[in-house]
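J.: structure for the following, please:
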Amino acid sequence: AMIQRALASPLPIAWVTADSAYGQEWRLRRMLEEAGVGYVLAVPKSQPVPALGRIDLVIAQAPNEAWKRHFCGDGAKGPRVYDWAAAKLPAIHDFDGDQPTHDRWVLARRSLARLEEVAYYLAYAPAGTEVPELARIAGSRWAIEECFQSAKNECGLDQYEVRRYPGWYRQITLAMLAHAFLAAMSAATTARGVAETVPVPLHPSPWQKSGGSWQFTVPNRHTGGKQITR
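T.: The predicted structure is shown next:
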């Protein structure tokens with residue numbers, strides 16, 4: 001219902017991404033397809049792929065050359081880079097018609113250091129979409145999750161004891177408003193701090209070396225600001 005309300009708004013929404021709790025729900029995927037909205041949704045390794053079987057077994061059959069390295073967003077420790085394997089699925093005539101405008105994909109993300117760590121996705125994208133773009137959309141979910149975690153830690157987003165929707169809605173709305181305010185203040189403070197740390201030109205040092213000894217030179221009001229040696 002929240003997604004439908006967002007799609008009905010004037011916001012320019014092109015993609016939806018979510019974790020496997022939502023990605024495995026076929027009704028959500030079908031609703032987005034009917035709305036013409038692209039998605040990259042995580043799914044569990046047991047997710048069935050029509051006519052092919054479990055998604056983990058489908059990916060296990062991918063040849064080595066199918067895995068390509070792609071950047072999918074910045075993380076706390078720098079750029080997030082993984083190996084990705086992706087393949088288009090056959091069109092479904094009953095849903096897509098004779099001239100499909102979108103393609104369905106199976107997608108897998110593999111850790112560079114731990115090859116056994118593989119995440120799986122189902123995607124629906126406008127025809128012509130490339131794998132790096134799908135990887136970018138999949139990676140965008142982390143920024144959202146980081147925002148939620150920050151709102152929980154700083155503004156009590158998850159600290160509610162309510163029984164009814166109005167109470168929950170008020171708690172979430174106020175917590176998110178407070179988090180937005182703090183984020184804006186933090187950004188402004190950071191920008192101001194950068195400006196304030198720009199090195200200020202210093203006056204010439206009064207320490208001057210002449211021969212083998214140091215001497216002080218100071219501006220003199222009576223010489224028009226010219227330095228004199230004492």
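J.: biggest helix in this structure by residues?
T.: helix 165-196 (DSSP state H).
J.: elements contacting the lengthiest strand in the chain?
T.: Across the chain, the longest stretch assigned as strand under DSSP state E is strand 78-88. Secondary-structure packing of strand 78-88 (3 or more C-beta pairs under 8 Å, 6 or more residues apart in numbering; DSSP states H and E): strand 68-75, strand 102-110, helix 131-155. All C-beta atoms are positioned from the backbone trio N, CA, C, and that covers glycine.
J.: I'd assumed residue 43 was in contact with residue 18.
T.: No. Using C-beta atoms under 8 Å as the test, residue 18 is too far from residue 43 to be in contact (10.0 Å).
J.: which one's more surrounded, those two?
T.: For residue 18 versus residue 43, the count of surrounding residues by other C-beta atoms under 10 Å is larger for residue 43: 25 against 18.
J.: what separation do you get for that one and residue 25?
T.: 10 Å (C-beta to C-beta, to the nearest Å).
J.: cool, and residue 2?
T.: 14 Å.
J.: quick one: which of these two has more around it?
T.: Taking neighbours as other C-beta under 10 Å, residue 2 and residue 25 compare with residue 25 leading, 14 against 6.
J.: confidence score at residue 163?
T.: The model reports residue 163 with a pLDDT of 83.
J.: which SS class is it?
T.: Following DSSP: H, G, I helix; E, B strand; the rest coil, residue 163 is assigned to coil.
J.: how about it, phi and psi?
T.: phi -110, psi -20 (degrees, to the nearest 10).
J.: OK, contacts around it?
T.: Residues near residue 163 by C-beta atoms under 8 Å, 6 or more residues apart in numbering: none.
J.: gap between it and residue 116?
T.: Residue 163 sits 43 Å away from residue 116, going by C-beta to C-beta.
J.: I'm done for today, thanks for sticking with me.
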